[in-house]
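In: model the following, please.
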Amino acid sequence: ACPQREAIVDDSARITYAELGRRSKERAGWLVAKGVNKGHRVALLMPNGIEWAINAYAVMRIGAVLVPLSTLLRTPELCAQLAVAGVRHLIAATSFRGRDYHEEITAIDRSTLPSLRNIWWSEYLGSGGSTQEQAVANALAERVQAADDMVVVFTSGSCGAPRGVIHTHGNALRANTAGLADRCVRGG
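Out: Numbers count the residues shown, from 1 in each chain. Here you go, the predicted model:
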């Protein structure tokens, strides 16, 4: 309704709803070009911000399932969550707050993660894809249903190992919408 309004403001940049839509659509085309398809589990291990949001929206837009991972996870915890969620593709920052994720992740014994096919470093992702791949991304976006899995969110694990909770598109949107008034969130 307000495409020129700011959607996200982080420490270094701002992005409007229109720009977020355009950039996530382009990234969705790139994901399709790399083999991501509806239902694939795609994990994000990145700091919060505009780039995180672009990737998250791109994943969900084509019906792939977002698996957001905390940047505080240590390697054994990261491996456990990647395995439990059946992550097929991982988008990770190379480093953040003094941690070298590139070194940590490349040292993982990949035989313990049989579902994991690709690791992409967030700083080097492309945008777009061919016209055909962008058309596929658009077609996938048009076919996302409310009952389709949207995200796997891990619990805190205070009484045991964290568990992955699956939310569908419809469930997640209804739950967020229902809580807006209680949190005093409204237009503007």
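In: how confident was the prediction at the residue sitting nearest the centre point of the chain?
Out: Centroid-nearest residue in the chain: Ala56, 3.2 Å away (criterion: Cα atoms, centre = their mean). pLDDT recorded at Ala56 is 98.
In: over to the one 5 residues further on?
Out: In the prediction, the pLDDT value recorded for Arg61 is 97.
In: can we start the residue count at 42 from this point?
Out: Sounds good: first residue 42 from here, last item Arg102.
In: Gln175 is in contact with that one, correct?
Out: No: using Cβ atoms under 8 Å, Arg102 makes no contact with Gln175, being 11.8 Å away. All C-beta spots, glycine's among them, are computed from the backbone N, C-alpha and C.
In: so which residues of this structure form strands?
Out: 47-50, 55-57, 82-86, 106-109, 130-133, 136-137, 140-141, 159-162, 190-195, 205-209 (DSSP state E).
In: so which of those is nearest Asp150?
Out: strand 159-162 (13.6 Å; Cβ to Cβ).
In: quick one, what contacts His208?
Out: Asp190, Met191, Val192, Val193, Val194, Ala216 (Cβ atoms under 8 Å, 6 or more residues apart in numbering).
In: returning to that earlier point: okay, and the common contacts of Arg102 and Gln175?
Out: Lys66.
In: circling back to that earlier point, mark which of the contacts of His208 are buried, thanks.
Out: Applying 16 or more other Cβ atoms under 10 Å to the contacts of His208, the neighbour count classes Asp190, Met191, Val192, Val193, Val194 as buried.
In: ok, so of those, who is nearest Ala84?
Out: Looking across those and measuring by Cβ to Cβ, the closest to Ala84 is Val193, at 8.7 Å.
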